[in-house]
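**Q** Predicted model, plus sequence, below.
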Amino acid sequence: MALTVKDILELPSGQKMQMLAGGKGLNRTVSSVEIADYEFAPGLDFVPGAEVNIEEDMEAGSFIITSFLFAKEDPSAILPAVRALHEMGMAALAFKQVIYEDLPGEVLEFADKNSFPILSFGKAVWFENIIFDIMYAVQFDDKVYLSEEKIDSMLSGYMNRSELDIVLKGISLRLQPYVSVVYISGDLPDAGRILRSFYLLKGFHGKGLMVRYGNGLFLIVTSARDDHKSHDLIRREAFGLLGIGEDVPTGMSDVHERTALDRAFRESWQCFIASVLEGKAFDHFAGCGTCRVLIPALEHEEAPAFARDILEAIAGSSDLKETVQEYIGNGGDISKTAVSLHCHQNTIRYRLGRVRELTGLRSVTDCELYMQLKTALMIDRAARLKRER
């Protein structure tokens, strides 16, 4: 299942920690790690515009590390801070023994009573090492529950209810009532860096989760609201923090209840495919038009056979292949196709006539010809994208 405090104690830095209180809470789930020091300093004047809102800035489920610098002159400040962390849903607290070697008895009593783990570690253990160990473990845990094999199963529609339940319970992200999924194109040259940076984002892990898929990335967005605008704001926030430009090809699903996470994965991938096939971006899956019906049908065995019958018939002529591609790219407009190919409109009409003869589509209308050629090209391109993913 998801990473727990007990799992943290098995990490290299965790093995150097000592349990002081709250041992019955070792099964508390850990989704991230945070440093807390100045946030609890009483009477501290912050730089204008840098006010701290602890409840908004700190993420539930976090493993908290501290030096208790904020309580250096006042040990009585420790208990209110521990109580606040517990009430905010933090997973555990570990402090570095640089100011305090032991904690007041009432703090340990509170931890035991509320099963809130409190640990200590020595001066030789660096905060950075703890952060790296925990975030690597969280990322690895998510990778296990959202492996490429499991994502393939969701994209194909073959994941059953029990398998999906395991995924929902196992990932580090505590899903709110509604989810959407964004597929980010594999054209990114630094997808690995982006993924690592995501797991180090402070205060964002309650809103989303990112996982590698082939050369691309999937971003799960979760919110208490069920409207696309709210979810897209979270997506934009993540893109801004990670340096992902709005021009990067993506596909975003519609918003669904969290139990339909598999459907959201499928829609995000299909929205991306639609944007590639149509040569334009779609805001989310609902705006993909007929592609919403066509793309799922591409998984059927008849789809590649249909495309093959048409495209193999003209495969021997580079002129015909180029003409068909430009004709479809220009929305079936013969005059525009002629301009883009630098030839006369009659030449385009002649070539399309040859296409009709070779494909056996002699008797169909111009509209039907356009639709069948476009569908064949879409099936072929979609198959290429599927192989590349």
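**A** Yes, it's here. Residues are numbered from 1 along each chain as shown.
**Q** From here on, just use CA atoms for contacts and neighbour counts.
**A** Noted.
**Q** Now do the same contact list for Met378.
**A** Under the criterion of CA atoms under 8 Å, 6 or more residues apart in numbering, the neighbours of Met378 are Leu277.
**Q** Just the buried residues of the helix or strand it falls within, please?
**A** When elements are assigned from DSSP states H and E, Met378 belongs to helix 366-388. Within helix 366-388, the residues that count as buried by 16 or more other CA atoms under 10 Å are 369-370, 372-380, 382-383.
**Q** what's the most distant pair in these?
**A** Leu369 and Ala383 (21.3 Å; CA to CA).
**Q** Alpha carbons only: can I get the helix holding Met378 in CSV?
**A** C-alpha atoms of helix 366-388 as CSV (Å, rounded to 0.1, in the frame of the first residue of the first chain):
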residue,chain,number,x,y,z
ASP,A,366,-16.8,14.1,-52.7
CYS,A,367,-17.8,14.4,-49.1
GLU,A,368,-17.7,10.7,-48.5
LEU,A,369,-14.3,10.5,-50.3
TYR,A,370,-12.9,13.2,-48.0
MET,A,371,-14.2,11.5,-44.8
GLN,A,372,-12.9,8.0,-45.8
LEU,A,373,-9.5,9.3,-46.7
LYS,A,374,-9.3,11.4,-43.5
THR,A,375,-10.3,8.5,-41.4
ALA,A,376,-7.7,6.2,-43.0
LEU,A,377,-5.0,8.8,-42.4
MET,A,378,-6.1,9.3,-38.8
ILE,A,379,-6.1,5.6,-38.1
ASP,A,380,-2.6,5.3,-39.6
ARG,A,381,-1.2,8.2,-37.6
ALA,A,382,-2.9,7.0,-34.4
ALA,A,383,-1.3,3.6,-34.9
ARG,A,384,2.2,5.3,-35.3
LEU,A,385,1.6,7.3,-32.1
LYS,A,386,0.6,4.2,-30.2
ARG,A,387,3.8,2.4,-31.2
GLU,A,388,5.9,5.4,-30.2
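**Q** Run a quick neighbour tally on Ile220.
**A** 24 (other CA atoms under 10 Å).
**Q** Surely it is within a strand?
**A** Yes - according to DSSP: H, G, I helix; E, B strand; the rest coil, Ile220 belongs to a strand.
**Q** in the sheet, who's paired with it?
**A** With DSSP bridges applied, Ile220 shows beta-bridge pairing to Val181, Leu209.
**Q** how far away is it from Gly208?
**A** To Gly208, Ile220 is 5 Å away according to CA to CA, to the nearest Å.
**Q** and if you look at Asn129?
**A** Distance from Asn129 to Gly208, by CA to CA: 24 Å.
**Q** got the contact list for Glu106?
**A** Contacts of Glu106 (CA under 8 Å, 6+ apart): Leu79.
**Q** and it, which of the three is it?
**A** helix.
**Q** who's in contact with Cys297?
**A** No, residue 297 isn't Cys; it's Ala. Per CA under 8 Å, 6+ apart, neighbours of Ala297: Ala303.
**Q** what pLDDT does it get?
**A** Per-residue pLDDT puts Ala297 at 74.
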